[in-house]
Structure formats: C-alpha cells, structure tokens
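>>> Give me the fold of what follows.
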Amino acid sequence: MAFKVLQSGLFTTIQDTGRKGVAHKGHSQSGALDRYAYKQSLALLHESDTNALEVMVGLKLEAIKPTTIAITGADLGLKINGIFKKPWQSYTIKKGDILYFAKRIQGQRAYLTVKGGFDVPKVLGSYATMLKEGIGSTLKAGDIINYMPYLHKQTNRLKKEHIPYYGDTLTLRVQLCYQHHYFSDTEKKKFFNNEYKVTLQSDRMGYRLSGESIVPSSTKLISEGIAFGSVQIPKDGQPIILLAQRQSIGGYPKIGTVLAKDCYTLAQMGAGSSIFFEMYLDKN
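Alright, predicted model coming up:
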C-alpha cells in the first residue's frame, strides 16, 4: 500500500508520454496533456521514464508509505497536512501525511510524481489512461496507488525563469499545413485576426473554440492520420485544436498545426480564456 485516495477530485488519471506507434491500429496516443510540466516533474526527482498523476482539482490522498514527490503544472492550492505548498518543486512525504489539491489558483492540470513511479502495469507500452479504449480509469475514493517506499530526503526546485505563467489569454503559433489551400486568403485573415474563446466542451481529446467561423472551400476529405496540435475546422466553422487523446484519423480540413510547446500551455487554459493565432514561419 502507498497512497490511499480519500477524495477522487475532478478527473485524476495516471499518464506518461503516451503510446507510440499504435495509431495505425486505431489507438489514441493519450498521455500527459501538458508534457512540459510532466517532464519537469520527472526531472525534479531525477527520473526519466515513469508515470505521474494528472490532477485537475479536489484530489485528497493519505500517504501510507514515505516517499518523495514532485508537483508541477497548475497551482491547485496543494496542502500537505493543511499547509499550502507551491508547485514546481519536490517534497518529502511521511507516513500519515495528507495531500489535498484544494482549489484552482493558476492553471488547470497539475502533475504529481513519486520517486520510482506508481506501481501500475503498462498497456501497449505505456502507463497512460485511455478511458474510451478501456485502458485504466479515473481514481475513485478508496483506491490504493502503490509505490516503493523512499526514505531519502531531497528538495529540488525549478528555477523561476523556467516556470510558465498560466494566464487567461494565450497566443498560439501555427504553421500552415498542406491543406491550407482549402482556405481562402479571406478565411485565413479571419483566423489569424480574431479572438477565440475556450469552450466548456474542451477536453483531453481537443480544445474546442468559439468565435469567428472559418469556412473551407470543401469539407469532403478522405480521412487520414492526425498530428498533435492539428487545427481542424468542422462544419460549424469553429476551430478544434487536437491534443494528446485525439482520434487516430479524421476527415475535416486542417488549416495548420499549433507548435507542441504552445499546446502544452493551452492545456492549462480554462473555459472562457482568450485564444489568438499567430502564423509561425520556420526560419531554419
């Protein structure tokens, strides 16, 4: 036994970098939505290939074994034994300690990693939860998440200059893709010169936006594989930015692809946040 789940929180899952080389079999990549924060949580514990809890808010855990944890990503008001703790650093945890992600302060998703990782099996080469495919599940009150005890005290912090700020406005850099000819210059101008809002329908599959409708010249495309960060324009003209849990194929036209680094920050934006697009030109 290790962590006992006292309160499940909003949507807590185990994630890593996701499944690679399985899209041709119809499987989603899945994995951490904010891969930058996830990777930094591993680095703080000197880990390179393990898993983390992706936490949204409300999770409460009791430590049944000692360990060292790292917390990165969103500031969800983490309390350890009732005392607020900042993200982007590691903490020594004793038996009986209570961890509680009490409220959203900045961002949407935090990553909790333990030294040595959580003791869960890999499926198709990954620890990542994928509910639609029946792989893993969200945490429930009463669940036990095992890990090996770790007694060495260590505290590591990420330098301030490497900690992203999660506000309520974000500009996303977009590379036009080979399907951009389905969009006239007028439609491209609308896309790059208007504000969009993150909607409540946004999830791990993709961020759905609301704003000026973009009209492609055709929506009758042959379904094909979809890259991380693809900006898909469905029939209603409202952009969808496809993320880690995207479907393996799709047939709506795509105007471009958001840079991966910007997608990680996008995953920390809540409903109502303002999104702008900027054309990215690779100078290399």
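
>>> Quick one: find the helix or strand in this structure with the lowest mean pLDDT.
In the chain, no helix or strand scores lower on mean pLDDT, DSSP states H and E than strand 249-250, which sits at a mean of 72.

>>> Following the chain onward from it, which element is next?
For strand 249-250, the succeeding helix or strand toward the C-terminus, using DSSP states H and E, is strand 254-258.

>>> list the buried ones in the next helix or strand after that next one?
Counting by DSSP H and E, the next helix or strand C-terminal to strand 254-258 is helix 260-266. Within helix 260-266, the residues scored as buried using 16 or more other C-beta atoms under 10 Å are Asp262, Cys263, Tyr264, Thr265, Leu266. (Each C-beta comes from the backbone N, C-alpha and C, glycine too.)

>>> Ok, stretch 73-91 next?
Applying 16+ other C-beta under 10 Å to stretch 73-91 flags 73-80, 87-91 as buried.

>>> Let me have those in TSV, extended by pLDDT.
Output for those, formatted as TSV (pLDDT from 0 to 100):
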residue	pLDDT
Gly73	98
Ala74	98
Asp75	98
Leu76	98
Gly77	98
Leu78	98
Lys79	98
Ile80	98
Pro87	98
Trp88	98
Gln89	97
Ser90	97
Tyr91	97
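
>>> can you tell me which residues contact Phe3?
Leu61, Glu62, Ala63, Ile64, Leu99, Val114, Ile144, Ile145, Tyr147 (C-beta atoms under 8 Å, 6 or more residues apart in numbering).

>>> number of nearby residues for Met279?
Applying other C-beta atoms under 10 Å, we find 12 residues neighbouring Met279.

>>> actually Gly125, not the one I typed
12.

>>> I'd like the secondary structure assignment at the residue nearest to it when sequence neighbours are not counted, please.
Excluding its sequence neighbours, the residue lying closest to Gly125 (C-beta to C-beta, 6 or more residues apart in numbering) is Arg19, at 6.0 Å. Put simply, Arg19 is coil when judged by DSSP: H, G, I helix; E, B strand; the rest coil.

>>> Let me see the ranges of the helices in this structure.
Taking DSSP state H as the test, the helices found in the chain are 35-44, 185-192, 260-266.

>>> Out of those helices, the one nearest Val55 is which?
For those, the distance to Val55 is smallest for helix 35-44, at 10.9 Å, taking C-beta to C-beta.

>>> Can you tell me what sits against that closest one?
15-17, 32, 48-50, 52, 54, 70-74, 88-90, 109-113, 156-158, 162, 164, 244, 260-261, 264-265, 268.

>>> what are the bridge partners for Ile98, then?
Beta-bridge partners of Ile98, counted by DSSP bridges, are Glu62.

>>> That one and Leu6 touch, don't they?
Yes - the pair Ile98 / Leu6 is scored as a contact, 7.4 Å apart, by C-beta atoms under 8 Å.

>>> No further questions, thank you.
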